[in-house]
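Student: Mind looking at a prediction? Sequence and model below.
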Amino acid sequence: MLIYNVTSGVDKSIEQEWLVWMKEVHIPHVMKTQMFMGYRMYRVLAAGEDDTVSYAIQYQAKSISQVEQYLEKFAPALREDVKKKFGEKVASFRTLLEEVG
């Protein structure tokens, strides 16, 4: 199994609004692509800057081809939606992880 991990640094001034939007709008749109089997969302507990908090969302995929298809067909528009909604108050980076038996 592969994990497509998106870690986002969120300005604390919009944290609750971002959380609601992610749970009610963004994540459901990602899941509707049918490229992922499921997801989990985590709050990062590491000490960071006082004005930001970080979250990691891990989407579970069966194959790298599904992740590649998501990145090519769906990710650009979904990323643009986040940028339009929250601008510079959210910064994200992405990693692809492979489960090791």
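Tutor: Received, thanks. Residues are numbered from 1 along each chain as shown.

Student: pLDDT weak spots in the protein?
Tutor: Judged by pLDDT under 70, the chain has its weakly predicted residues at 47-49.

Student: can you map out the helices along the protein?
Tutor: Here the chain has its helices, by DSSP state H, at 15-21, 27-32, 64-73, 75-86.

Student: In CSV: the ones you listed, plus distance to L2 and mean neighbour count.
Tutor: The C-beta positions use only the backbone N, C-alpha and C, and glycine is treated the same way. As requested, the helices of the chain are exported to CSV (distance: least, CB to CB, whole Å; neighbours: other CB atoms under 10 Å):
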stretch, distance to L2, mean neighbour count
helix 15-21, 25, 15
helix 27-32, 15, 14
helix 64-73, 6, 14
helix 75-86, 15, 13
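
Student: Dump those helices into TSV; add distance to V53 as well.
Tutor: Compiled in TSV, these are given as follows (distance: least, CB to CB, whole Å):
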stretch	distance to V53
helix 15-21	6
helix 27-32	17
helix 64-73	26
helix 75-86	13
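
Student: do you know which of the ones you listed lies nearest D50?
Tutor: helix 15-21 (12.9 Å; CB to CB).

Student: any idea which residue sits dead centre in this structure?
Tutor: Centroid-nearest residue in the chain: V6, 3.9 Å away (criterion: CA atoms, centre = their mean).

Student: What's opposite it in the beta bridge?
Tutor: I57, R94 (DSSP bridges).

Student: wait, what's in contact with it?
Tutor: Neighbouring residues of V6 by CB atoms under 8 Å, 6 or more residues apart in numbering: A56, I57, Q58, Y59, S92, F93, R94.
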